[in-house]
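Engineer: turn this into a structure:
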Amino acid sequence: VITCNEVVRDPSTGLVIELKCSYDPNTRAGNTPEGAKKAKGIIQWVSQKYGVPAELRLYDRLFKSPSPGKDQPDENFLLDINENSIQIYNNSVIEPHLNDIKSGETYQFERIGYFCLDSKDNHSSKKVFNRVVTLKDTW
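Structural biologist: Residues are numbered from 1 along each chain as shown. Below you'll find the predicted structure:
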């Protein structure tokens, strides 16, 4: 567990320039020492310096309604198209070991879902991953 004890801000801009934190080594790898509060989750950070550039495509439902067109005039399902059914993040950074994966393998990316390497748009200078399953669903 890492606890943020102090936030240091730039006096002229108010932007965060430093976090002063403490670390409990007994909680490494999700361990919970006896009598301690259990951590809600584990977050892994990716180094921008050593990470690999990637594009992430987050696909969502194609339609806004579970029954497209049902509540539309003339049952026009096109009125239920979800304009936000894809979000593309061009400046993502991924773990360096993902540079060597094969098409068809899936990986969980922290808190956003499972991803698969794109079989057509992927190239050596920038990996392209498509989200295939979300972690939480409201339908």
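Engineer: end-to-end on stretch 21-35?
Structural biologist: Using Cα to Cα, to the nearest Å, one end of stretch 21-35 lies 22 Å from the other.
Engineer: same check on stretch 66-85?
Structural biologist: Stretch 66-85: ends 14 Å apart by Cα to Cα.
Engineer: got the buried residues for it?
Structural biologist: 68, 80 (16 or more other Cβ atoms under 10 Å). Where C-beta positions appear, they are placed from N, C-alpha and C, glycine not excepted.
Engineer: mind checking how far it is from the chain centre?
Structural biologist: 28 Å (Cα atoms, centre = their mean, to the nearest Å).
Engineer: stretch 92-106 now?
Structural biologist: With Cα atoms, centre = their mean, you get 14 Å for stretch 92-106.
Engineer: mind checking the end-to-end distance for that stretch?
Structural biologist: End residues of stretch 92-106 are separated by 17 Å (Cα to Cα).
Engineer: please renumber the chain so that the first residue is 29 from this point on.
Structural biologist: Renumbered: residue one is now 29, and that last one reads stretch 120-134.
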